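Participant: compute the structure for the input listed below.
(one chain, ligands or ions: 1)
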Amino acid sequence: MIGSATGVRIGITGLGTHVPERVLTNAELAQIVDTSDEWILERTGIRERSIASDEEAMTDIALPAAQEALRDAGVSGSDIDLLICATVTPDMMFPTSSALLAETLGAGQAAAYDLLAGCTGFVYGLAQAYGMVSSGLSRRALVVGGDVLSKILDWDDRSTLVLFGDGAGAVVMEPVEAGGFLGFELGADGGGGEHLWLPGSGSRKFDDPASYVKMNGREVFKFATRIMVYSAEQVLSECGKTVENVDVYIPHQANKRIIDYAAAKLGIPAEKTVVNVDRYGNTSSGSIPLALADAREEGRLREGSLVLMTGMGAGLTWGSALMEWTTNGRVA
Ligand SMILES: CC(C)(COP(=O)(O)OP(=O)(O)OC[C@H]1O[C@@H](n2cnc3c(N)ncnc32)[C@H](O)[C@@H]1OP(=O)(O)O)[C@@H](O)C(=O)NCCC(=O)NCCS
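Facilitator: Numbers count the residues shown, from 1 in each chain. Sure, this is the predicted structure:
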């Protein structure tokens, strides 16, 4: 799916993030599985990640992010009429995490549903909210992206354990005076789904009842480096922009090597690329909002900055969103 914005400008007016308190370093992981700080850093660029406690589930880490996004936008839960929660680790299949969040936030009038698109979930959520708000069906949306992947990892499998972390982010989306989203490109390839999967997590029965993330790292790496470039080029061309126009590049934070490859191939210099995988690992749907928040914190998001976000993940799925950052605020 690909398309550029027409008519109404829809932007981000509030942004919030949250990661669990507990930080797990590479050295600590080396106490659990046969790995080393050196290996992890060299192959992935990751130094540490946040890990949820036994009691913490998806909505526990998403709630503070959602509350911060609402505060940042200067609105309350009752001002939200659409709540999308992108996650592959909901508290449970139902009630959905989005319905639980809507209840806690006081968003009683909101349509609320969970969205499953692997690590690309947040970008899919942005596109859905864009469509709903720009059509006038929704007035103001809250898009939450996050995961507690630590709960579905095999803690004996070093090939996956070292890559992921827990975290969440949220944005408020509504009509704005200037800037806003310019276009989206989204895709999926179920044929490659076997390279990153969670057997036993749904209605299909498997011999092994254990439900842990299974991954063919090399295949996912090949897919990631190809698709991150393809999707970014597609959305830029659809919106009549070039890589030279990009001010801030926010790639999914899976692996520093994947980010470096994509940025180099696209021709986006390091100073325009946001990298925080070293501190959080791969937080799945939390990764792009966490990077967006870091970019804002560092003063990199200015009025009119062209921001390119590209995600990829299980499905296999991918997606890009292109937007002009605005601080001008909502349409009165
Ligand atoms: C997982 C990944 C880091 C592995 O890096 P790689 O350079 O491809 O490494 P390989 O898989 O070739 O493994 C090299 C060796 O390291 C070993 N190894 C794997 N994980 C290890 C770990 N955590 N610590 C130490 N050694 C490890 C392997 O067993 C292998 O040993 P061998 O050569 O004796 O067989 C890389 O493939 C990757 O990032 N893939 C994409 C994963 C991803 O982003 N998934 C999420 C997408 S949303």
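Participant: list the buried residues of stretch 30-43.
Facilitator: Ala30, Thr35, Asp37, Ile40, Arg43 (16 or more other CB atoms under 10 Å). For every residue, glycine as well, the C-beta is placed using N, CA and C.
Participant: look up how far the ligand lies from the nearest residue to the last one once chain neighbours are set aside.
Facilitator: Spatial nearest neighbour of Arg43, chain neighbours left out: Arg257 (7.1 Å); criterion: CB to CB, 6 or more residues apart in numbering. With distances taken as CB to the nearest ligand atom, to the nearest Å, Arg257 is found 7 Å from the ligand.
Participant: tell me the secondary structure at Arg257.
Facilitator: helix (DSSP: H, G, I helix; E, B strand; the rest coil).
Participant: Glu42 is in contact with that one, correct?
Facilitator: No. The pair Arg257 / Glu42 is not scored as a contact, 9.1 Å apart, by CB atoms under 8 Å.
Participant: near the residue in the stretch 101-250 of the chain that the ligand sits nearest to, how many other residues are there?
Facilitator: Nearest residue of the stretch 101-250 of the chain to the ligand: Gly217, at 3.0 Å (CB to the nearest ligand atom). Close neighbours of Gly217, defined as other CB atoms under 10 Å, add up to 14.
Participant: now the residue nearest to it when sequence neighbours are not counted: which helix or strand?
Facilitator: Nearest residue to Gly217, sequence neighbours excluded (CB to CB, 6+ apart): Ser159, at 5.9 Å. According to DSSP states H and E, Ser159 maps onto helix 158-161.
Participant: send me the lengthiest helix in the chain as CSV with only the CA atoms.
Facilitator: As assigned by DSSP state H, the longest helix anywhere in the chain is helix 217-238. Provided in CSV are the C-alpha atoms of helix 217-238 (Å, rounded to 0.1, in the frame of the first residue of the first chain):
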residue,chain,number,x,y,z
GLY,A,217,18.8,-14.2,12.1
ARG,A,218,20.6,-14.2,8.8
GLU,A,219,17.4,-14.3,6.7
VAL,A,220,15.9,-11.5,8.7
PHE,A,221,19.1,-9.5,8.3
LYS,A,222,19.0,-9.9,4.5
PHE,A,223,15.3,-8.9,4.5
ALA,A,224,15.8,-6.0,6.8
THR,A,225,18.7,-4.4,4.8
ARG,A,226,16.8,-4.8,1.5
ILE,A,227,13.4,-3.6,2.7
MET,A,228,14.5,-0.6,4.8
VAL,A,229,16.0,0.9,1.7
TYR,A,230,13.1,-0.1,-0.7
SER,A,231,10.4,1.3,1.6
ALA,A,232,12.1,4.6,2.3
GLU,A,233,12.8,5.1,-1.5
GLN,A,234,9.2,4.3,-2.3
VAL,A,235,7.6,6.7,0.2
LEU,A,236,10.0,9.5,-0.7
SER,A,237,9.3,9.2,-4.4
GLU,A,238,5.5,9.0,-3.8
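Participant: what sits up against it?
Facilitator: 2-4, 159, 183-185, 187, 189, 192, 195-196, 242-243, 245-246, 249, 251-252, 254-255, 257-258, 261-262, 265-266, 308, 310, 312, 316, 318-322 (CB atoms under 8 Å, 6 or more residues apart in numbering).
Participant: can you rerun that using 7 Å?
Facilitator: 2-4, 159, 183-185, 192, 195-196, 242-243, 251, 254, 258, 261-262, 265-266, 308, 310, 312, 316, 318-320, 322 (CB atoms under 7 Å, 6 or more residues apart in numbering).
Participant: quick check: mean pLDDT across stretch 308-322?
Facilitator: Average pLDDT, stretch 308-322: 98.
Participant: when you give positions from now on, start the count at 52
Facilitator: All set: I'll call the first residue 52, so the last point we hit is now stretch 359-373.
Participant: just how off-centre is that stretch within its chain?
Facilitator: Distance, stretch centre to chain centre, for stretch 359-373: 9 Å (CA atoms, centre = their mean, to the nearest Å).
Participant: from Cys136, how far off is Asp205?
Facilitator: 25 Å (CB to CB, to the nearest Å).
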